[in-house]
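*Asks:* Predicted model follows, preceded by the sequence.
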Amino acid sequence: MEFVETLLPGVGVRYDATTTSGAPLSLVLGRDGEAELVTYKRTDPDAVAQRLRLTPTEAASLAELLGSPRVSARLADLSKEVPGLSSARFVIEPGSRYDGRRLGDSKARTRTGCSVVAVVRGEDVRAAPGPQADLRAGDTVVAIGSERGLADLGVILAMSPEDEPFPVPELPH
């Protein structure tokens with residue numbers, strides 16, 4: 001099922017699709033975290049058949065349930081679509097230099113060219129984490145990049161505080 005995305009200024013984003021059974025469907029994700037799932041009558045695509053409103057907590061729970069497998073599948077698809085792009089997962093082990101530190105402290109993108117696309121902690125998936133995201137032992141870091149960059153990222157995230165700092169490569173000019 002393909003979704004068409006429409007920005008709703010001041011409101012959020014609306015995603016429209018038609019199910020395989022032919023039912024028109026919309027999902028509106030509000031800026032405040034609320035979500036509204038709407039189905040429309042087949043005979044009148046402007047007439048609401050059912051409306052389900054979700055609080056931010058309910059929307060996050062549903063997204064987590066549906067999103068984790070989809071994110072992983074989409075990363076796998078993306079890796080197939082873009083030659084040279086791969087994905088990998090790294091577990092922050094107890095004793096890692098980055099256990100209890102921020103993602104930005106790893107300088108992952110600068111050192112490896114890889115992008116961290118999610119940090120998974122138990123049932124919580126933090127998509128597109130920023131440099132301020134904290135890392136803890138047991139977290140799974142999901143990244144995309146080149147095979148070499150991902151290998152380097154694995155080495156960096158496995159370092160103990162006593163290890164020598166990982167050199168920052170010179171970027172080509």
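*Replies:* Yep, that arrived.

*Asks:* Give me the pLDDT for the residue nearest the centre of the chain.
*Replies:* By CA atoms, centre = their mean, the mean C-alpha position of the chain lies nearest to residue 127, the distance being 3.0 Å. Turning to residue 127, the model gives it a pLDDT of 81.

*Asks:* now swap in residue 80 and tell me
*Replies:* With respect to pLDDT, residue 80 scores 56.

*Asks:* do residue 59 as well
*Replies:* Looking at residue 59, its pLDDT is 76.

*Asks:* ok so, going back, in the sheet, who's paired with the residue nearest to the centre of the chain?
*Replies:* On the basis of DSSP bridges, residue 127 is bridged to residue 118.

*Asks:* Next up, phi/psi of the nearest residue to residue 145 once chain neighbours are set aside, please.
*Replies:* Excluding the flanking residues, the one nearest residue 145 by CB to CB, 6 or more residues apart in numbering is residue 114, at 3.1 Å. For glycine as for every other residue, the C-beta is placed from the backbone atoms N, C-alpha and C. Taking degrees, to the nearest 10, you get phi -90, psi 150 for the backbone angles of residue 114.

*Asks:* and residue 114, how many residues sit next to it?
*Replies:* Neighbours of residue 114 under the rule other CB atoms under 10 Å: 24.

*Asks:* Can you give me the distance of it to residue 124?
*Replies:* Look at residue 114 and residue 124: by CB to CB, to the nearest Å, they are 22 Å apart.

*Asks:* Give the next helix or strand downstream of the lowest-mean-pLDDT helix or strand in the chain.
*Replies:* Ranking every helix and strand in the chain by mean pLDDT, DSSP states H and E puts helix 56-81 at the bottom, with a mean of 61. Next helix or strand after helix 56-81 toward the C-terminus (DSSP states H and E): strand 86-91.

*Asks:* Pairing partners for that following strand, with directions?
*Replies:* strand 140-145 (antiparallel).
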